[in-house]
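Novice: Let me see the structure of the following:
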Amino acid sequence: MILSNVISQLLGGMVTSIEIFLLTLLFSLPLGLAIAGGRMSSFSPLRWLMKVYISIMRGTPLMLQLIVVFFAPYYVFGMSLSPDYRFIAVIIAFTMNYAAYFAEIYRGGIESINSGQYEAAQVLGYSKLETFFIIIMPQVVKVILPSVTNEVITLVKDTSLSFVIAIPEMFTVAKQIAAADASIAALLVAGIFYYVFNVLVAFAMERLENRLDYYE
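Specialist: Residues are numbered from 1 along each chain as shown. Just a heads-up that it's a prediction; the model follows:
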C-alpha cells in the first residue's frame, strides 16, 4: 500500500513535469519567432525594446523570474490570486524565459540565409510572407535545430525549478518522499526519469534533423 502511494505520487509529479515541458514549448517557440522578428525590425523602438527584453530574460536567473511572475500581481497590483495561478505563473515565467533564448537562435538562423534567396523569391513572384514561410523558414529550422535541441534538453531539467513556488513536479515530489522515508530511492527514480526523458528528446530531435537532410 505504501509502495503504491509512493509510485502514485511520483507519477503525479512526472505528469506535472511533462505538462510544464510541453506547454512551455508550445508557447515559447512561436513567441520566440515573434520576438526575433521584433529584434530584427527596422523600427528602432521595437528593436531596442526586444533587445532589452532578451537581455533581461537571459541575464537574470529563471528562479528569480518565477518568483517575480508569481508574487508581482499581489505586491504590485494588489490582486488576490487563486491557487491555480501557481501553475499558470510557472508557464508564464518559463515561456518568457525560453522565448528570449529561442528568439536569438531564430535570429542567428535567419541571418545565416543568403540574401540572394530573398531576391530570387521576389523575381518568382512570392510575397514577403510566402518567401519567409515557404523558402526561408524550412532552411532556418535545419540550421537552428542543434541549438534548439540543447535548449529543449535544458528545459527538461529546468522544470525542477518549479519547486520555488511549490509546484509538485517530479523533483519536488521525490525530495518530499526522500525526506519522509529517509531514503534517496525516490531521488534516484527522479534522476532516471530526467535522464530517460532527455534521451527520448535527443532521439526525437536527431530523427527530425535527419529528415531535414535534403536541405544540405
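
Novice: which residues does Met63 contact?
Specialist: 161, 164 (Cβ atoms under 8 Å, 6 or more residues apart in numbering). The way it works is simple: take the backbone N, C-alpha and C, and place the C-beta from them, glycine included.

Novice: The chain: strands as residue ranges?
Specialist: Secondary structure of the chain (DSSP state E): no strands located.

Novice: Give me the spatial nearest neighbour of Leu62, chain neighbours excluded.
Specialist: Distances taken as Cβ to Cβ, 6 or more residues apart in numbering place Asn97 nearest to Leu62, at 5.1 Å, with adjacent residues excluded.

Novice: check contacts around the one you found.
Specialist: Applying Cβ under 8 Å, 6+ apart, we find Asn97 in contact with 28, 57, 62, 65.

Novice: buried residues in the biggest helix by length in the chain?
Specialist: Using DSSP state H, we find that the single longest helix of the chain is helix 2-39. Neighbour-count burial for helix 2-39 flags 6, 9-10, 13-14, 16-21, 23-25, 27-29, 31-33, 35-39 (criterion: 16 or more other Cβ atoms under 10 Å).

Novice: Relative to the whole chain's centre, how far out is that helix?
Specialist: In terms of Cα atoms, centre = their mean, to the nearest Å, the centre of helix 2-39 is found 8 Å from the chain centre.

Novice: Which elements pack onto that helix?
Specialist: Taking 3 or more Cβ pairs under 8 Å, 6 or more residues apart in numbering; DSSP states H and E as contact, the helices and strands that helix 2-39 lies on are helix 44-59, helix 85-111, helix 137-158, helix 170-181, helix 185-211.
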